[in-house]
Structures are given as C-alpha cells and as structure tokens.
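Participant: below: sequence and its predicted model.
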Amino acid sequence: MMKRNDEIQKLFDDYAEELTPREELSSKAKNAMTAERQPASSRAKTSWTIHLAWAIPVFCVLLVSLTTFGTVFANIFANPDFNNPNASSPDSRVQYYTFTDVKGRAVQLADCDDILNVSALAGDGEFEVVNARYYAFYTENGELRYIKALLGVRGDDGAFTELSVIAEADGYVREDLTEVYANNFGGRGFVCYSDYGGDGEYVTEGFFAARGFHFYAVGRSGQFTDQAEKIISKIL
C-alpha cells in the first residue's frame, strides 16, 4: 500500500513541477494582455480554452488516482490477506510453528516405528541399518509434532547411504519447511529428486505422505546410485 501511495504522490509531484514558472509562459502572458483588447466573445472563447487546458491534466491525474485506488480496494475485498504482511502461508489448512514451540527427546525405534516404518528396510535383506538415532518433538502440552531419524544404511552391494527423515504430523508445518512443503505436497504421491551436491556427494530428496504424517527425506551417497531412492520408497 505504501508503494502505491508513493506512486500516486509522484504523479501529483510531477504535475506540480509542470506548474512551476517558466520563461515560455511570458508569451502566454502577453497574449492574455492582448486578449483584454479583444471582443467579449473572443475573450470568453480564449478563457474557456485556457481553463480546458488546465483541466485536462488535473482530470488525468484524478483518473489515474481513482483507477489505482480502485485496484487496491478490489484486491483487498477479493483477498482479505492482500495487505497483511504475515499472511504468506501457502496452505490455510495447516498450522505453522517454530523450533521454539517444541522440545525434543531421544526415543527408540519401538516408540516410533509405526510412523517411520524403518523395520521395512530389513524385510528382504537388501538393506541393513547399521546405525540409527531417533528423536521425537512435542509441544508443551504433549502433542507430537514430528519425529526425526538419522540412519546409516548399507546395501547388499556394499554401498552406504546416510539418510535423514522428518515425519511431521499432518495439519502442521514447521515454518522453515514452509516452502518445501508448498512445493512438494498436495496429493502428488511420492516425489523424488537426485543430483550432485556442492560437496560432491550424490544427494536424493524424497517427499511423501503416509500414516497421518508427511515425510521429508534426504539421502547422501558417495557415488551416483539410486540406492537412496529405493530406501526412501521402502518406508512409504
């Protein structure tokens, strides 16, 4: 709104500059003096022309102002959050929170496997979880917001993948994950991206929703491989 007001003020400022005295106006003054000697009908016609010349720029400025304000008010009525700097949430169906709203504690796989489904990795012998840490994050009144898992997984071919997983309760999004959530969730199922990171490691990012939670998973491998994607897809 402030920017729009500044633009409107600039229109008036520019118009005011057109009203400042200039040398070329002296000829107009002489013509006006001559007009005093003209017949009344001629003076009336000249006076009307002068007033019209002044009125047109004023009318244009007012028209631009009304159009601009009309657009602003139209946006405000069409979108109540138009002028609300805090209304940047991409999804009004979720509640947003920060790190300071939760407290974490270490937990065992048995406490969270019904959500993470890590035990599925040992189902066919293709992968082995060689190290793991699990953390649960709760609000002050004891509501679970998300679980974080840090895993070291080795494939039957010897390849090793470091995997971090955040399983966040549906209906809630941590504020620093807002953009990631907006870009990757919304009924599209399993979404996965892979590429080399700045440190030379092959990085795979996977996103999916299951069991009342939505998952953010990041796998890192020392070489080009689809192992991280396979691991992530197994815990769907």
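Facilitator: Nice, I can see it.
Participant: ok, the residue nearest to Gly171 when sequence neighbours are not counted to Tyr134 distance?
Facilitator: Closest residue in space to Gly171, ignoring its immediate chain neighbours: Val94 at 5.7 Å, by C-beta to C-beta, 6 or more residues apart in numbering. (Glycine included, C-beta is placed from N, CA and C.) Using C-beta to C-beta, to the nearest Å, Val94 is found at 24 Å from Tyr134.
Participant: ok, Ile147 next?
Facilitator: According to C-beta to C-beta, Ile147 stands 7 Å off from Tyr134.
Participant: please apply the same query to Leu116.
Facilitator: 8 Å.
Participant: also Gly198?
Facilitator: Distance from Gly198 to Tyr134, by C-beta to C-beta: 28 Å.
Participant: all helices of this structure, in order?
Facilitator: 2-18, 25-35, 40-78, 109-116, 178-184, 227-234 (DSSP state H).
Participant: and for Ile147 and Tyr134, which residues touch both?
Facilitator: 107, 112, 116 (C-beta atoms under 8 Å, 6 or more residues apart in numbering).
Participant: going through those residues, which ones are buried?
Facilitator: 112, 116 (16 or more other C-beta atoms under 10 Å).
Participant: format the shared contacts of Ile147 and Tyr134 as a markdown table; extra columns: pLDDT and distance to Asp170.
Facilitator: As requested, those are exported to a markdown table (pLDDT from 0 to 100; distance: C-beta to C-beta, whole Å):
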| residue | pLDDT | distance to Asp170 |
| --- | --- | --- |
| Val107 | 98 | 20 |
| Cys112 | 97 | 16 |
| Leu116 | 97 | 15 |
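Participant: kindly reformat the shared contacts of Ile147 and Tyr134 as a markdown table containing distance to Gln227.
Facilitator: Formatted as a markdown table, these follow (distance: C-beta to C-beta, whole Å):
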| residue | distance to Gln227 |
| --- | --- |
| Val107 | 26 |
| Cys112 | 23 |
| Leu116 | 18 |
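Participant: out of the shared contacts of Ile147 and Tyr134, which comes closest to Glu140?
Facilitator: Closest approach to Glu140 among the shared contacts of Ile147 and Tyr134 (C-beta to C-beta): Val107, at 17.8 Å.
Participant: distance of that closest one from Val94?
Facilitator: 24 Å.
Participant: rewinding a little: worst average pLDDT in the helices of the chain?
Facilitator: Here these differ in mean pLDDT, and the lowest is helix 2-18 at a mean of 38.
Participant: before we move on, the earlier item: okay, and the common contacts of Leu116 and Tyr134?
Facilitator: 109, 147, 149.
Participant: top of these by neighbour count?
Facilitator: Neighbour counts for the shared contacts of Leu116 and Tyr134 (other C-beta atoms under 10 Å) peak at Ala149, which has 24 neighbours.
Participant: from Phe215, how far off is Thr139?
Facilitator: Applying C-beta to C-beta to Thr139 and Phe215 gives a distance of 20 Å.
Participant: who's more crowded, those two?
Facilitator: Phe215 (25 against 13).
Participant: per-residue confidence for the more buried one?
Facilitator: Taking Phe215 on its own, its pLDDT is 98.
Participant: was I right to think it contacts Ile166?
Facilitator: Yes: between Phe215 and Ile166 a contact is recorded at 7.0 Å, counting by C-beta atoms under 8 Å.
Participant: so who does Val153 touch?
Facilitator: Here Val153 is in contact with 121, 127-130, 160-163, 227, 231 (C-beta under 8 Å, 6+ apart).
Participant: how about a cut-off of 10 Å?
Facilitator: By C-beta atoms under 10 Å, 6 or more residues apart in numbering, the contact list for Val153 reads 118, 121, 127-132, 159-163, 219, 221, 227-228, 230-231, 234.
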